[in-house]
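A.B. asks: Predicted model and sequence follow; I will ask about them next.
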Amino acid sequence: MKGIIFTEFLDIIEDAFGLEVCQKMLDQASDIGVYTAVGSYDHRALVTLIVTLSKITGVSAEDLQEVYGEAVFTRLLQTLPAMTGIQQDTFNFIKKVEDHIHTEVKKLYPDATPPQFDFISETKTHMVMDYKSARCMSHVCLGLIKGCAKHFGQTVHVTMAPLNKSKSHVRFNLDLIVE
């Protein structure tokens with residue numbers, strides 16, 4: 001997993017819970033907390049941090065992942081190369097993640113293994129997509145979707161259902177609420 005995920009996680013935790021809680025999380029997880037944005041790290045270290053933070057704060061690990069995903073969306077967006085010609089809305093952006101963003105990430109970081117998105121169906125107001133990742137962090141994906149909708153000023157109702165026991169394959173149903 002790319003280091004930017006770790007560095008942003010630590011920044012968001014410090015902003016949300018304070019330096020003391022962030023340090024307590026690192027200490028209890030036996031993690032020195034030294035990450036570089038361009039480094040590569042085992043995703044299990046992030047899972048350990050999330051589980052530890054959950055124990056400290058009493059907030060579920062799934063909720064922490066979702067909040068993190070939503071908060072990190074804008075930060076990650078700023079690191080992306082320009083995507084000219086992309087219609088600026090939630091569904092179009094999400095479709096470009098697989099074709100454009102993940103492709104660029106793999107070019108920049110050949111060892112990267114981003115999640116895979118498979119698009120099952122789409123209308124103007126409904127999208128069904130499958131998330132596949134050995135990291136099983138679908139709640140981060142849920143948060144990223146919510147962050148994306150917020151960024152584009154849209155309201156999207158999202159449901160998710162695991163398609164296997166490990167939750168490495170999850171189906172998302174997105175409904176754009178048109179007012």
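C.D. replies: Cool, got the structure. Residues are numbered from 1 along each chain as shown.
A.B. asks: Show me the strands in this structure, by range?
C.D. replies: 116-122, 126-132, 155-162, 169-177 (DSSP state E).
A.B. asks: Can you tell me what sits against the second one?
C.D. replies: Strand 126-132 is contacted by residues 91, 94, 115-122, 138, 141, 160, 163, 168-176 when judged by C-beta atoms under 8 Å, 6 or more residues apart in numbering. Any C-beta I mention is one placed from the backbone N, CA and C, and that applies to glycine too.
A.B. asks: try 6 Å this time
C.D. replies: Strand 126-132 is contacted from outside by 91, 115-121, 138, 141, 169-175, using C-beta atoms under 6 Å, 6 or more residues apart in numbering.
A.B. asks: that older thread, Throw the strands of the chain into CSV and include distance to L10, thanks.
C.D. replies: Formatted as CSV, those follow (distance: least, C-beta to C-beta, whole Å):
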stretch, distance to L10
strand 116-122, 26
strand 126-132, 24
strand 155-162, 26
strand 169-177, 26
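A.B. asks: In CSV: these, plus mean pLDDT and mean neighbour count.
C.D. replies: Below are the strands of the chain laid out as CSV (pLDDT from 0 to 100; neighbours: other C-beta atoms under 10 Å):
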stretch, mean pLDDT, mean neighbour count
strand 116-122, 94, 13
strand 126-132, 96, 18
strand 155-162, 97, 14
strand 169-177, 97, 17
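A.B. asks: how far out from the middle of the chain is stretch 22-30?
C.D. replies: Relative to its chain's centre, stretch 22-30 lies at 22 Å (C-alpha atoms, centre = their mean, to the nearest Å).
A.B. asks: buried residues in it?
C.D. replies: Buried residues in stretch 22-30, counted by 16 or more other C-beta atoms under 10 Å: C22, K24, M25, L26, A29.
A.B. asks: Look through the protein and tell me its longest helix.
C.D. replies: Longest helix in the chain, counting residues (DSSP state H): helix 61-77.
A.B. asks: That one - contacts with which helices or strands?
C.D. replies: Applying 3 or more C-beta pairs under 6 Å, 6 or more residues apart in numbering; DSSP states H and E, we find helix 61-77 packed against helix 3-17, helix 43-57, helix 138-151.
A.B. asks: And the pLDDT at I12?
C.D. replies: As predicted, I12 sits at a pLDDT of 94.
A.B. asks: ok, the closest residue to it other than its chain neighbours - how many residues close by?
C.D. replies: Using C-beta to C-beta, 6 or more residues apart in numbering and skipping residues adjacent in sequence, the residue nearest I12 is A71, 4.9 Å away. Using other C-beta atoms under 10 Å, A71 has 20 neighbouring residues.
A.B. asks: swap in F6?
C.D. replies: Neighbours around F6, by other C-beta under 10 Å: 22.
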